[in-house]
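Asker: Take this sequence and fold it.
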Amino acid sequence: MQPLDAAVLQEAREWIERAERDLQAVRTQLVATPPLPEIAAYHAQQAAEKAFKAFLTVRSTPFRRTHDLTELQSQCQQLDAQFAELASDAATLTPYATQFRYPGGPIEPPLSEAQQALKLAESIVQFVRKRARL
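Answerer: Numbering: from 1, shown residues only. Down below sits the predicted model:
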């Protein structure tokens, strides 16, 4: 991998910083009174999305504006085969971008599901930090 342009590195760091803030939002919503698991699940998805986008930024790879984590994970995997291990996590988290946010579906997931979403998102962010050296 070539040395990174300072602006590219800064943008990738901003993606990761925002991912970390989403993780903090998840933790906050899980312990709120009452807990808000639908908000937590949404922010877990957002953290993973921003982490994948950080990796693609580091690799100077354009990505389309999407909330589809499977698509973003696949793009990352094309650049680094190690991302294959995140395919299932990406597929699990993708629906949380919209599933509980709009009428016509359930209003919230079980608390245990939102807690699992946090674990998956934390794992993705940590994985990206390591692979992207952020």
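
Asker: drop to CA atoms for contacts and neighbour counts, all remaining ones
Answerer: Noted.

Asker: How about the contacts made by the most centrally placed residue in the chain?
Answerer: For the chain, the residue nearest the mean C-alpha position is residue 48 (0.7 Å; Cα atoms, centre = their mean). The neighbourhood of residue 48, defined by Cα atoms under 8 Å, 6 or more residues apart in numbering, consists of 19, 69, 90, 93, 121, 122, 124, 125.

Asker: of the residues you listed, buried ones?
Answerer: Using 16 or more other Cα atoms under 10 Å as the burial test, those include 19, 69, 90, 93, 121, 122, 124, 125 as buried.

Asker: Got the confidence number for the residue nearest to residue 111 when sequence neighbours are not counted?
Answerer: Leaving aside its sequence neighbours, residue 111 sits nearest to residue 37 (Cα to Cα, 6 or more residues apart in numbering; 5.5 Å). For residue 37, the model assigns a pLDDT of 98.

Asker: Might one say that residue 63 is in contact with residue 52?
Answerer: No. Here residue 63 lies out of contact with residue 52, judged by Cα atoms under 8 Å, at a distance of 9.8 Å.

Asker: Break down this protein into its helices, ranges please.
Answerer: 6-31, 37-58, 69-79, 87-93, 111-132 (DSSP state H).
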